[in-house]
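Asks: A predicted structure for the sequence below; I have some questions about it.
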Amino acid sequence: MSEPLHVEGLACLRGDRLLFEDVDFMVAPGGALHLEGPNGSGKSSLLRLLAGLLPPFAGRITGPERSFLGHEVALKPRMTLGAELSHWARLDGGLDRLPAAMAAMNVAGLAEVPCRHLSSGQRRRAGLARVLTSGAALWLLDEPTAGLDTASSALLAQAMAAHRAGGGMVVAAVHGDIGLASPQLLRLG
Ligand SMILES: Nc1ncnc2c1ncn2[C@@H]1O[C@H](COP(=O)(O)OP(=O)(O)OP(=O)(O)O)[C@@H](O)[C@H]1O
């Protein structure tokens, strides 16, 4: 069982603007948190703090290994999707998890396609496959259903449920329902 995510007294400064302060929450193994709030309220910034991509202005974050999927999915344009995902899986020590992750996000049939030819929804599914492959207990997802069709959103919902059933956690910035059962809510702004 992984350790919980603990956030205490978190504050975020971007430019000269204090986006939020005194943010406290805990997500237990198997739990999920919806980050809600209007555009510009700091949801993406909070995810980036949790991912260690931005330093906190104040506060403390402790928790397990994390895997972050932002708005943009970075894929090398000339590489095939299979080669690209294998590269990341090797770095994450998750090559054995890759086939199941590609099947779960329905990208196995795209393995030979150069990444520059992927549609935006296919790119997002590829990014989610990378998160599944990582083996990280905590998934940090920024509007993960943006650009996904109904069937793909359902696959993501299944993947998140399976992850949580195994003691994993999900923190997601959302503008609506993404199929997470009984999430905690944190509203910014
Ligand atoms: N590098 C930066 N320097 C200064 N300000 C920034 C920087 N990046 C983002 N901001 C500002 O921080 C604020 C919060 O942005 P953020 O992307 O975290 O919001 P959000 O809640 O995720 O918005 P959205 O719902 O539109 O995705 C915005 O006002 C944005 O302009």
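Replies: Sure, I can see it. Numbers count the residues shown, from 1 in each chain.

Asks: Please count neighbours and contacts with C-alpha atoms only from this point.
Replies: Fine.

Asks: Below-threshold pLDDT in the protein: ranges please.
Replies: 1 (pLDDT under 70).

Asks: Figure out the helix or strand that the residue most central in space within the chain lives in.
Replies: By C-alpha atoms, centre = their mean, the chain has its centre lying nearest to Leu141, at 2.6 Å. Per DSSP states H and E, Leu141 falls inside strand 138-142.

Asks: same deal with Leu19?
Replies: strand 17-27.

Asks: tell me which residues in that strand are buried?
Replies: Leu19, Phe20, Glu21, Val23, Phe25, Met26, Val27 (16 or more other C-alpha atoms under 10 Å).

Asks: Pull the most distant pair out of the residues you listed.
Replies: Leu19 and Val27 (21.7 Å; C-alpha to C-alpha).

Asks: What residues are bridge-paired with Arg17?
Replies: Arg14 (DSSP bridges).

Asks: Tell me how far it lies from Gly189.
Replies: Note on Arg17: its distance to Gly189, by C-alpha to C-alpha, to the nearest Å, is 13 Å.

Asks: Tell me who's in contact with Gln158.
Replies: The contact partners of Gln158, taken as C-alpha atoms under 8 Å, 6 or more residues apart in numbering, number zero.

Asks: The chain: strands as residue ranges?
Replies: 5-14, 17-27, 32-36, 58-62, 66-69, 138-142, 169-173, 184-187 (DSSP state E).

Asks: okay, these in a markdown table with distance to Leu75 next?
Replies: As requested, those are exported to a markdown table (distance: least, C-alpha to C-alpha, whole Å):
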| stretch | distance to Leu75 |
| --- | --- |
| strand 5-14 | 27 |
| strand 17-27 | 30 |
| strand 32-36 | 26 |
| strand 58-62 | 29 |
| strand 66-69 | 12 |
| strand 138-142 | 17 |
| strand 169-173 | 21 |
| strand 184-187 | 31 |
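
Asks: out of the ones you listed, nearest to the ligand?
Replies: The ligand lies closest, by C-alpha to the nearest ligand atom, to one member of those: strand 5-14, at 4.3 Å.

Asks: Show me what the closest one is packed against.
Replies: strand 17-27, strand 58-62 (3 or more C-alpha pairs under 8 Å, 6 or more residues apart in numbering; DSSP states H and E).

Asks: Now do the same contact list for Arg66.
Replies: Counted by C-alpha under 8 Å, 6+ apart, Arg66 has contacts Ala51, Ala136, Ala137, Leu138, Trp139, Leu140.

Asks: what's the nearest residue to it if we skip its chain neighbours?
Replies: Leu138 (4.7 Å; C-alpha to C-alpha, 6 or more residues apart in numbering).

Asks: Could you point out the bridge partners of that neighbour in the sheet?
Replies: Note on Leu138: beta-bridge partners Arg66, Met169, judged by DSSP bridges.
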